[in-house]
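Q: predicted model, plus sequence, below.
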Amino acid sequence: SIRPRECLSRFGGGHAAKGAAFSKRSYETLSFNFFRKEPVFLRRALYLRFNVCYNGTRTEIYVKAGIDMELKGCKINLLGDSITCGVGTSAPEKRFGDLIAAQYGAIVRNYGISGTRIARQRIPTAGNPEFDRHFVSRVPDMDADADVIVVFGGTNDFGHGDAPIGNMSDREDTTFCGGLHALYTALIEKYPDARIVILTPTHRLNEDNPRGDGNKPQDVGRLIDYVNFIREAAEFYSLPVLDLFAVSGIQPRVSVLQQRYMPDGLHPNDAGHARLAAILASFLKAL
């Protein structure tokens, strides 16, 4: 049983405005069979989404989150690309991971490598082997004592990766979908007791080009297609997703937001990283 002052539900019978997705209702006591919980952003606040069985019916409720995880001393491994590296910021201490470490006392280890992708590339990059170190290949190099692993990638697969996008039945890292499965499996096997958190890519200026940055010989997919596969693969493994594509508030195709958060249309600046740090910290606290 839980006793929230107020929650959002899909039960119906409340007094929601016409067209509203959820109705606000107050409950004295709620008794459910809980079978899944994950944090989500809704209406500019952090809620816990419970998938529940209520009177024999599977449904959802959203309860405004309290602060559960203590970030002080929490060991966080960041696995990412140039955004995690801090390209676009004015100094390393302005990166979202460093901001979380400074504000909350977390121990943040940054394993970001600029230009890297989730899928293995078919054609090696001449003169820059680091560029081809796809995500799963770096898992063995990460410290094993992490409490949280944050995976933030996929935008480079869309932008300039030469691997096919594949489908959800793939298990080899030679396609994007197969790379997701290989990565999530490797992380779960190495960190069975840690929280593995998946971040979707943020918006970017050329996100609707099915050839990414324009160098792919044929149409592969828009950024949203990669985002949807990230969401689907994470759900398969029951990994929490911080959907930055949906909730970051960063959309460079809106000029005022580009100027404020992402001047080059791809890499967040200092203000963008501060925004990412605040959203990620709130998400982690609710786990």
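A: Noted; the coordinates are in hand. Because the structure is predicted, anything quoted here is derived from the model rather than measured.

Q: could you measure from residue 197 over to residue 278?
A: 15 Å (CB to CB, to the nearest Å). Yep, even glycine has a C-beta here, placed from its N, CA and C like the rest.

Q: these two - which one has more neighbours?
A: More crowded of residue 197 and residue 278, by other CB atoms under 10 Å: residue 197, with 22 against 14.

Q: tell me the bridge partners for the residue lying closest to that one once chain neighbours are set aside.
A: Using CB to CB, 6 or more residues apart in numbering and skipping the chain neighbours, the partner closest in space to residue 197 is residue 150 (5.0 Å). Residue 150 has these beta-bridge partners by DSSP bridges: residue 78, residue 197.

Q: so for residue 128, what's the pLDDT?
A: At residue 128, the pLDDT value in this model is 84.

Q: and the one 3 residues further on, by the same measure?
A: In the prediction, the pLDDT value recorded for residue 131 is 89.

Q: in three-state terms, label it for me.
A: helix (DSSP: H, G, I helix; E, B strand; the rest coil).

Q: surely it touches residue 125?
A: Yes. With contact defined as CB atoms under 8 Å, residue 131 counts as touching residue 125 (4.3 Å).

Q: by contact count, what packs against the helix or strand that residue 278 is a member of?
A: Using DSSP states H and E, residue 278 sits in helix 270-285. Under the contact criterion of 3 or more CB pairs under 8 Å, 6 or more residues apart in numbering; DSSP states H and E, helix 270-285 touches strand 33-42, helix 96-104, strand 195-199, strand 241-242, helix 244-247, helix 255-261.

Q: can you check which of the ones you listed gets nearest to residue 135?
A: Residue 135 lies closest to strand 195-199 among the helices and strands packed on helix 270-285, at 11.3 Å (CB to CB).

Q: circling back to that earlier point, ok, residue 131 and residue 125, which is more surrounded?
A: Of the pair residue 131 and residue 125, residue 131 is the one with more neighbours under other CB under 10 Å, namely 18 against 13.

Q: residues contacting that one?
A: With contact taken as CB atoms under 8 Å, 6 or more residues apart in numbering, residue 131 is in contact with 113, 114, 115, 116, 125.

Q: shaky segments in this protein?
A: Residue ranges of the chain with pLDDT under 70: 1-48, 52-55, 62-69.

Q: mind listing the helices for it?
A: Ranges of helices in the chain, per DSSP state H, are 82-85, 96-104, 135-138, 155-160, 176-190, 223-236, 244-247, 255-261, 270-285.

Q: what packs against the third one?
A: With contacts defined as 3+ CB pairs under 8 Å, 6+ apart, the packing partners of helix 135-138 are helix 176-190.

Q: ok, residues contacting the helix it packs on?
A: Contacts for helix 176-190 (CB under 8 Å, 6+ apart): 117-120, 134-136, 139-140, 142, 144, 149, 151, 154, 157, 161, 163-173, 196, 198, 226, 229-230, 233-234, 236-237, 239.

Q: what angle do that helix and strand 195-199 make?
A: 160 degrees (axes from the mean of the first three to the mean of the last three CA atoms, to 10 degrees).

Q: CA atoms only: put helix 176-190 into PDB for me.
A: This file holds the C-alpha atoms of helix 176-190, laid out as PDB (Å, rounded to 0.1, in the frame of the first residue of the first chain):
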ATOM      1  CA  PHE A 176      23.000  -0.900 -34.400                       C
ATOM      2  CA  CYS A 177      20.300  -3.100 -32.800                       C
ATOM      3  CA  GLY A 178      22.700  -5.900 -32.300                       C
ATOM      4  CA  GLY A 179      25.100  -3.500 -30.800                       C
ATOM      5  CA  LEU A 180      22.500  -2.400 -28.200                       C
ATOM      6  CA  HIS A 181      21.900  -6.100 -27.300                       C
ATOM      7  CA  ALA A 182      25.600  -6.800 -27.000                       C
ATOM      8  CA  LEU A 183      26.200  -3.700 -24.900                       C
ATOM      9  CA  TYR A 184      23.300  -4.200 -22.500                       C
ATOM     10  CA  THR A 185      24.100  -7.900 -22.100                       C
ATOM     11  CA  ALA A 186      27.800  -7.100 -21.300                       C
ATOM     12  CA  LEU A 187      26.900  -4.500 -18.800                       C
ATOM     13  CA  ILE A 188      24.400  -6.700 -17.000                       C
ATOM     14  CA  GLU A 189      26.900  -9.500 -16.800                       C
ATOM     15  CA  LYS A 190      29.700  -7.200 -15.500                       C
END
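
Q: now it: buried residues?
A: 176, 177, 178, 179, 180, 181, 182, 183, 184, 186, 187 (16 or more other CB atoms under 10 Å).
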